[in-house]
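J.: Have a look at this prediction, sequence included:
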Amino acid sequence: MPQKIALLGSTGSIGTQALDVISRYPDKFKVDLLTGCNNIELLTLQARKFLPDSVVICNKEHYKQLKDNLKGTKIKVFAGAKEMEQAVALSDADVVLAAIVGYSGLRPTIAAINAGKKIALANKETLVVAGEIITVLAARSGSTIIPVDSEHSAIFQCLTGEDNKAIEKITLTASGGPFLKISADKLQHVKPGDALKHPNWNMGDKVTIDSASLMNKGLEVIEAKWLFGLDPEQIKVIIHPQSIIHSFVHFNDGSVKAQLGIPDMRMPILYALSYPSRYLSDLPRLEFKDHNNLTFEEPDHKRFRNLSLAFVALKEGGNMPCILNAANEMAVNAFLKGIVGFMQMPDIVEYALENSEFTATPDLESLEESDREARIIAQNFIDKLQHII
Ligand code: MG
């Protein structure tokens, strides 16, 4: 029997790559649910190709159009954020691939966890914002979380068959993005188009900007804490511009394990879907002779302050990572629209961290409140900021 898959965020970068993977294994995977938000053309094409049981469009305005587009099929069509949560919880899916970008991925992922589904987690914000709550809910429902993020997939693969108590530390690799060698002066004036040119990975806009500003790595540090039960001091970051080694685990006997591969998100997606098995694939192979210069350097916290801010938020805990994430989403949006400069993004995040109300043990409702408050504080700061672009 093929494994049934619910794909949340099917029209995004991870979603489309996941469907590429799924289409290669018709006897192993069957799409049960697809969800999207605004791209109804693509969602329609995907639904007609993969014939899921149901499709959900979160933006209700597109409901009628989508329903019309899928006339003549047996596919059930729903619309709205609440309806998406219900559809996930009630679906027959064995595995839910959570690939919605940003804070809006939180609620549907929680619905899937509460339903005890196996989760292939691509939405890092879920663990950044609500890591402690998610960990408790997953333990309660028996839901397993398999990371899709390439670095965390690497750590997860290195830890298979190991005892997490034997971890001394982990090192997450970071490509450093397109601005690795650019001076702080020049960084002030880089344009969204420059930041969107990632040297190695094919990702959506939000993740690509986060990658250029190292906020992506900051969010991944927080994600790693919750996935693997680590202390902040046990998580290190190293710049590895070639993106061949996806991360390292250092064990307490002095041994180090790493996972390698060419940078292609389809590989960690396939692993998360096939786990605990490995499926034969025709994805490109790593040839060592083509990569004879793998390099490593310390990240520059002065030019890329976001990484330090993420460690601050992680160490302070409570709702601080939620505030960090909300302010960053506002900052990235403003940068993509050309309203603020690249180096102003960390200023916005820092301001929100310093000016939002701290809660030590937030529940989901208070996290929603923190998210809202941090967005308002960040927006007020953006409005007052003297823009450098
Ligand atoms: Mg990553």
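T.: Cool, got the structure.
J.: State the mean pLDDT of the longest helix along the chain.
T.: When the chain is parsed with DSSP state H, its longest helix is helix 364-384. Helix 364-384 shows an average pLDDT of 96 in the prediction.
J.: cool, and stretch 21-37?
T.: 97.
J.: quick one: stretch 123-135 near the ion?
T.: No. Using Cβ under 5 Å from the ion, we find that stretch 123-135 stays clear of the ion, coming within 7.6 Å at best. Where C-beta positions appear, they are placed from N, C-alpha and C, glycine not excepted.
J.: Quick check: buried residues in that stretch?
T.: Neighbour counts over stretch 123-135 (16 or more other Cβ atoms under 10 Å) mark N123, K124, E125, T126, L127, V128, V129, A130, G131, I133, I134, T135 as buried.
J.: hmm, who's touching that stretch?
T.: 8-9, 98-103, 105-106, 109-110, 113, 121, 145, 149, 219-220, 222-223, 225-227, 321-322, 324-325, 363-364, 367, 371 (Cβ atoms under 8 Å, 6 or more residues apart in numbering).
J.: before we move on, what about stretch 20-33?
T.: With Cβ under 8 Å, 6+ apart as the test, stretch 20-33 has contacts from 2-8, 19, 49-56, 87-88, 91-93, 266, 269-270, 273-274, 279, 281-282.
J.: Flag every buried residue along that stretch.
T.: Of all the residues in stretch 20-33, those buried under the rule 16+ other Cβ under 10 Å are V21, I22, R24, Y25, F29, K30, V31, D32, L33.
J.: Can I get it in CSV, CA atoms only?
T.: Output of stretch 20-33 as CSV, limited to C-alpha atoms (Å, rounded to 0.1, in the frame of the first residue of the first chain):
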residue,chain,number,x,y,z
ASP,A,20,8.7,16.1,-8.0
VAL,A,21,10.0,13.5,-5.5
ILE,A,22,6.5,11.9,-5.0
SER,A,23,5.9,11.6,-8.8
ARG,A,24,9.0,9.4,-9.1
TYR,A,25,7.5,6.7,-6.7
PRO,A,26,3.9,6.1,-7.7
ASP,A,27,3.9,2.7,-6.0
LYS,A,28,5.3,4.1,-2.7
PHE,A,29,3.5,7.5,-2.3
LYS,A,30,0.0,8.7,-2.9
VAL,A,31,-1.0,12.4,-2.4
ASP,A,32,-4.0,12.6,-0.1
LEU,A,33,-4.2,16.3,0.6
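J.: Now do it: distance to the chain's middle.
T.: 22 Å (Cα atoms, centre = their mean, to the nearest Å).
J.: Nearest residue to S153 in space, ignoring adjacent ones along the chain?
T.: Once flanking residues are discounted, S153 sits nearest to P268: 3.7 Å by Cβ to Cβ, 6 or more residues apart in numbering.
J.: If I look at that neighbour, what pLDDT would I see?
T.: Looking at P268, its pLDDT is 98.
J.: If you count contacts, what does the helix or strand that contains it end up packed against?
T.: Following DSSP states H and E, one finds P268 within helix 266-274. Contacts defined by 3 or more Cβ pairs under 8 Å, 6 or more residues apart in numbering; DSSP states H and E place helix 266-274 against helix 13-23, strand 95-98, strand 118-121, strand 145-147, helix 150-159.
J.: after the last one comes which helix or strand?
T.: When you say that, I think you mean helix 150-159. Following helix 150-159 in sequence, per DSSP H and E, is strand 167-174.
J.: just the first one next, same as before
T.: Tracing the chain past helix 13-23, the next element assigned as helix or strand by DSSP H and E is strand 29-36.
J.: Could you list which of the contacts of stretch 20-33 belong to helices?
T.: Per DSSP H, those map to helices at L19, K49, F50, A87, V88, R266, I269, L270, L273, S274.
J.: Neighbours of the closest residue to the ion within the stretch 201-350 of the chain, how many?
T.: Closest residue of the stretch 201-350 of the chain to the ion, Cβ to the ion: E220 (5.5 Å). Neighbour count for E220, taken as other Cβ atoms under 10 Å: 29.
J.: helix or strand for it, which one?
T.: Using DSSP H and E, E220 falls in helix 215-228.
J.: need the contact list for L214.
T.: A174, G176, G177, P299, F304, N306, L307.
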